[in-house]
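> Quick one: sequence and predicted model below, then my questions.
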Amino acid sequence: MTLSERLAAFAHSVLPVWVYDHDQLCFRWANDKAVELWRAQSLSELLARDFSDSSAATRTRLDNYMSALRRGEQVVEDWTLYPQGRPATTALHGSGITLDDGRLAILFQAVVRGPASDLSTVRGIEALRHSSLMVTLSNLQGEILYCNPAALRAFGDVTHIFAWFSDAAVGLLEQVAGSQIYQVEQEVLTQSGVRWHAVEGRATIDPATGERTILIQQSDVTERRKAEDLAQVRSQLLEDLNRTIALAEQQRRQILSLSAPTLEVGPSILAVPFIGELSAERTDDVAQRLLPALQSQKSRFVILDFTGCDSVMQEGAAKLAQLVHATRLLGATVVVTGINAQLATTLVRSGTDLGELQTLRQLRDGIEYCRRRIGRITD
């Protein structure tokens, strides 16, 4: 028998009856009352309508219906239909029916209700169905009594909140049973995988039975949590980088001080042996340590020893001349030791004039020279 033959008994029913093909998003059959309810000009015009522009909430509800029908169940629920854009409040009874090609469709029978006396209630119900907030009603054992379309999209056709978060569900049930509000951000298992949800659970009364139930509301905060985690990681990386830079700077200064240490080699005599390259940075570091030491120790002689210095940069030579001048201003005599031929040539080419300074071959010669000078001063 064809679909029309099987539904012949409904053709003259006082109730609107139609067959909805959820796979193809269109009607496959309707009686006269359904044509009238849907404000169609004719049966053919109604069957030609395309319902592919249905909202996500509507599709989710119908997806859930199809799952129930495949299990051999029937569905009964209030719907607000919008034939030609005009609202019609109905109670829909849905059952499964096989189409001529063998696919499952929904046989709807509608009881049309009169104008709603409480428009705010109707609007509230519709708002809940189209809200992105996931709303669920469960009993005190966690068995799900109702899910709005957003919750159905997130979790599918599950029967218990333990399917979402097995460990946290126990805490939620216990806390709400103790008349407390459960409010936390936690990981939740959804059809899209593990997501972060802001979950709120509170005790309420089931309007259908009057029994105590639990109203659970959830919003997806995964992207915010990812952004916060990323910001925290970046902050930690920046903190680690700053620590590394500070350590490197500390090590650099230690290396500089070791390559040009300030040594007290006798009463009123300081010696600074330069090792490696004579750079502007190294000369500045020597000045930062040498000049305060001269002032505090009141040293009379400073020996700049270049025995271990293998090269000099132009900027370093200029800084060396400034160091010598600053040392003299503090009343100390500068003695230079250990300059080799290559270093002397480089200093001359750079324009650094050390002609007025006492220059000696070795550091010990410089120390002996300073000691003799001190001896003459004290005699």
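Cool, the structure landed. Here the structure is a predicted model, which means the values were calculated and not measured.
> okay, and for the stretch 1-150 of the chain, where does confidence drop off?
Counting by pLDDT under 70, the low-confidence segments of the stretch 1-150 of the chain come to 114-122, 124-125.
> where exactly do the strands run in it?
17-21, 26-30, 75-81, 88-98, 104-112, 134-138, 144-147 (DSSP state E, counting those that start in this stretch).
> closest to residue 197 out of those?
Nearest of the strands of the stretch 1-150 of the chain to residue 197, taken as CB to CB: strand 134-138 at 7.6 Å. Just so you know, the C-beta spots here come from the backbone N, C-alpha and C atoms, and that holds for glycine as well.
> Export that closest one to PDB, keeping only CA atoms.
The C-alpha trace of strand 134-138 is given here as PDB (Å, rounded to 0.1, in the frame of the first residue of the first chain):
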ATOM      1  CA  MET A 134      21.900  24.900  27.800                       C
ATOM      2  CA  VAL A 135      19.000  24.200  30.200                       C
ATOM      3  CA  THR A 136      18.200  20.800  31.700                       C
ATOM      4  CA  LEU A 137      15.700  19.600  34.300                       C
ATOM      5  CA  SER A 138      16.600  16.500  36.200                       C
END
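> tell me what that strand is packed against?
Under the contact definition 3 or more CB pairs under 8 Å, 6 or more residues apart in numbering; DSSP states H and E, strand 134-138 sits against strand 144-147, helix 149-155, strand 212-220.
> Single out the most deeply packed of the ones you listed.
helix 149-155 (a mean of 22; mean count of other CB atoms under 10 Å).
> Name the residues that touch that helix?
56-58, 60-61, 63-64, 129-136, 147, 163-164, 190-192, 195, 218, 220 (CB atoms under 8 Å, 6 or more residues apart in numbering).
> of these, buried ones?
With burial judged by 16 or more other CB atoms under 10 Å, the buried subset of the contacts of helix 149-155 is 57-58, 60-61, 63-64, 129, 134-136, 147, 163-164, 190, 195, 218, 220.
> Return the set of residues that bridge with residue 112.
Beta bridges link residue 112 to residue 90, judged by DSSP bridges.
> show me what contacts it?
Here residue 112 is in contact with 16, 37, 88, 89, 90 (CB under 8 Å, 6+ apart).
> again with residue 87
Here residue 87 is in contact with 80, 81 (criterion: CB under 8 Å, 6+ apart).
> What separation do you get for it and residue 53?
17 Å (CB to CB, to the nearest Å).
> can you map out the helices along the stretch 201-350 of the chain?
With helices called from DSSP state H, counting those that start in this stretch, the stretch 201-350 of the chain shows them at 222-259, 280-297, 314-329, 341-349.
> Now do the contacts for the residue nearest to residue 147 when sequence neighbours are not counted.
Counting by CB to CB, 6 or more residues apart in numbering, residue 136 is the residue found nearest to residue 147 once chain neighbours are left out, at 5.1 Å. By CB under 8 Å, 6+ apart, the contact set of residue 136 is 144, 146, 147, 148, 151, 161, 215, 216, 217, 218.
> how about 7 Å then?
144, 146, 147, 151, 216 (CB atoms under 7 Å, 6 or more residues apart in numbering).
> what two of those residues are the furthest from one another?
146 and 216 (10.4 Å).
> Just put the strands of the stretch 1-150 of the chain in TSV and tack on distance to residue 324.
What follows is these, written out as TSV (distance: least, CB to CB, whole Å):
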stretch	distance to residue 324
strand 17-21	98
strand 26-30	97
strand 75-81	95
strand 88-98	99
strand 104-112	99
strand 134-138	79
strand 144-147	86
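> quick one: which of those strands is nearest residue 341?
Comparing the strands of the stretch 1-150 of the chain by CB to CB, strand 134-138 comes nearest, at 85.2 Å.
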